[in-house]
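Engineer: Any chance you can model this:
(2 chains)
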Amino acid sequence: AQSVTQLGSHVSVSEGALVLLRCNYSSSVPPYLFWYVQYPNQGLQLLLKYTTGATLVKGINGFEAEFKKSETSFHLTKPSAHMSDAAEYFCAVRSQTGANNLFFGTGTRLTVIP
Amino acid sequence: DSGVTQTPKHLITATGQRVTLRCSPRSGDLSVYWYQQSLDQGLQFLIQYYNGEERAKGNILERFSAQQFPDLHSELNLSSLELGDSALYFCASSVTSPANEQFFGPGTRLTVL
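Structural biologist: Below is the predicted model of the structure:
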């Protein structure tokens, strides 16, 4: 079975500082991994995804994530935080039992301090 | 705008009642997924339909049911509502391929009083 664990339900960073949101996955087969962002009162928007190939994945809004099989991790980073990055971030792994549904982590709320 | 639409945006109802949530997928997407987001359970997969047929079930209660119509829109029916059913209900659609992303609608916020 697939699952993801997000370490830290709340992360605060200063504007301009590095953003690091942690995600570890559990999967018995090569995983398909996703990061989504949810702004207040909105749906989820895809930031980036890893399926196969290059392990460093670049997404929208300057975010990137690196798939590390040896560490079973898929941490999300951004070199310099912007006030508009304040939101909730969800890591997800796709089910590979045929349904292709997503299993989400519990989310990390990012606060950016001016 | 993801291209997925959901109605209504907000729904307030009483315990014991029945409601229907509607979702229209992106043009061309055959798969529709329903998810529930609540404070205590987080984001959970409920059910998936593909081209009108049920494909997979997740943590969906027996009081809940869904269907997908020939025009590919989907409805989620929630009956005998309880206070604990209060949540955000998201619909997502995708082209059927494991590597393809799911596009999420804005959600329906259900409040059961």
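Engineer: C-alpha from now on. contacts and neighbour counts both.
Structural biologist: Fine.
Engineer: For chain A, what's the nearest residue on chain B?
Structural biologist: As assessed by Cα to the nearest Cα, chain A sits closest to residue B:106 within chain B, at 4.2 Å.
Engineer: Might one say that that residue is in contact with residue B:6?
Structural biologist: Yes: in this structure, residue B:106 is within contact of residue B:6 by Cα atoms under 8 Å, at 6.6 Å.
Engineer: check contacts around residue A:66.
Structural biologist: A:55, A:56, A:57, A:73, A:74, A:75, A:76 (Cα atoms under 8 Å, 6 or more residues apart in numbering or on different chains).
Engineer: and the residue of chain B closest to chain A, helix, strand or coil?
Structural biologist: Following DSSP: H, G, I helix; E, B strand; the rest coil, the label given to residue B:106 is coil.
Engineer: Now do the same contact list for it.
Structural biologist: Shown in contact with residue B:106 (Cα under 8 Å, 6+ apart): A:41, A:42, A:43, A:44, B:4, B:5, B:6, B:9, B:90.
Engineer: List the backbone torsions phi and psi for the spatially most central residue of chain B.
Structural biologist: Centroid-nearest residue in chain B, with Cα atoms, centre = their mean: residue B:34, separated by 3.3 Å. With angles defined as degrees, to the nearest 10, residue B:34 shows backbone torsions of phi -120, psi 130.
Engineer: helix or strand for the spatially closest residue to it that is not a sequence neighbour, which one?
Structural biologist: In space, not counting the residues next to it along the chain, residue B:34 is nearest to residue B:91; the distance is 4.6 Å by Cα to Cα, 6 or more residues apart in numbering or on different chains. Taking DSSP states H and E as the definition, one finds residue B:91 inside strand B:87-94.
Engineer: That strand pairs with which strands, parallel or anti?
Structural biologist: Strand B:87-94 has the following sheet partners, assigned by DSSP bridges: strand B:31-38 (antiparallel), strand B:103-104 (antiparallel), strand B:108-112 (antiparallel).
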